[in-house]
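**Q** just a sequence and a predicted model for now, questions to come.
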Amino acid sequence: MKLQLALDDITLEDAVKLVEQVQDYIDIIEVGTPFVIQEGMRPVRLFKEKFPDKEILADLKIMDAGYYEAEEALKAGADYITVLAVTDDGTIKGCVDAANAYGKQAVADMICVPDMPKRIVELEAAGVHGLAVHTGVDQQAAGREPIDDLRLMCTHSKTAKISVAGGINTSTIPMYAKEKPDVMIVGGGICHAEDPVKAAKEIYEAMKEGR
Ligand code: 5RP
Ligand code: MG
């Protein structure tokens, strides 16, 4: 089980400092969607150079122009790009093709997918490498959490690696770890914690059994 640190609402300077402090506990550095909007591919290049042992995910949430947009991040050194699972199959294929051309991985973000079991079959047939269960920030504000969707995903997914995101923190991590996803994604639970290093260590410890 890998730990992916989602860097969302953070400056480049603070993000580098945080990754330096928590690098022993994390496997994947996510350049989050708001961070990409702010900085483009600069953090992807910088993290790849500064932390060569870590994998980099560019959370582009691609909705169109799959190959072209995925390639922007892959050229910059991303190991994973994300595409929205609700989009057109042609866009999904473009992302998968681009990832395969670079020997990297395309992860489909399941946010707002109405029929998960049906879409999982289609996405795996399209060759996506990863499926990310995701309760978004706005859905979290309405009191939702991704645990039920994760259980549903674990039942239906056959080939793709499973990741999960959506407000996971030091209190809820044991419940998610029990489901044994391949990747645990944590953003605010570390970045907004009173002591981010302590939170990262606690989450890492809670995941240890499944590593
Ligand atoms: C929001 C995202 C976040 O990166 C993801 O939800 C993880 O952050 P948090 O743990 O704070 O929910 O992609 O769209
Ligand atoms: Mg994200």
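**A** Good, I have the coordinates. Ligands and ions are numbered 1, 2, ... in the order given.
**Q** for the residue nearest the centre of the chain, what are its contacts?
**A** Nearest to the geometric centre of the chain sits residue 185, at 5.7 Å (Cα atoms, centre = their mean). Counting by Cβ atoms under 8 Å, 6 or more residues apart in numbering, residue 185 touches 4, 6, 30, 132, 163, 164, 165, 168. Backbone N, C-alpha and C define where each C-beta goes, glycine included.
**Q** in strands, which of the residues you listed fall?
**A** The strands, defined by DSSP state E, take in 4, 6, 30, 132, 163, 164, 165 from the contacts of residue 185.
**Q** got a list of what the closest residue to ligand 1 within the chain touches?
**A** Relative to ligand 1, the nearest point of the chain is residue 187 (2.5 Å; Cβ to the nearest ligand atom). Listed by Cβ under 8 Å, 6+ apart, the contact set of residue 187 reads 5, 6, 7, 8, 30, 32, 165.
**Q** among those residues, which ones lie close to ligand 1?
**A** Within the set of the contacts of residue 187, contact with ligand 1 (Cβ under 6 Å from any ligand atom) is found for 6, 8, 32, 165.
**Q** pLDDT weak spots in the protein?
**A** For the chain, the stretches with pLDDT under 70 are 210-211.
**Q** report the separation between the closest residue in space to residue 120 that isn't next to it in sequence and residue 166.
**A** With Cβ to Cβ, 6 or more residues apart in numbering as the criterion, residue 120 has its nearest non-adjacent residue at 4.7 Å, and that residue is residue 156. Using Cβ to Cβ, to the nearest Å, we find residue 156 at a distance of 18 Å from residue 166.
**Q** then residue 129?
**A** Residue 129 sits 20 Å away from residue 166, taking Cβ to Cβ as the criterion.
**Q** neighbour-wise, which of those two wins?
**A** Shown here are residue 129 and residue 166; by other Cβ atoms under 10 Å, residue 166 has more neighbours (24 against 19).
**Q** please name the residues that touch the residue nearest to the more buried one when sequence neighbours are not counted.
**A** Closest residue to residue 166 apart from its sequence neighbours, by Cβ to Cβ, 6+ apart: residue 135 at 3.1 Å. If a contact means Cβ under 8 Å, 6+ apart, then residue 135 has 111, 144, 145, 146, 149, 165, 166, 167 as its contacts.
**Q** give me that answer again for 7 Å
**A** Residue 135 makes contact with 144, 145, 146, 166, 167, according to Cβ atoms under 7 Å, 6 or more residues apart in numbering.
**Q** list phi and psi for the residue in the chain that ligand 2 sits nearest to.
**A** Here the chain gets closest to ligand 2 at one residue, residue 59, 3.8 Å apart by Cβ to the ion. Dihedral pair for residue 59: phi -80, psi 70, per degrees, to the nearest 10.
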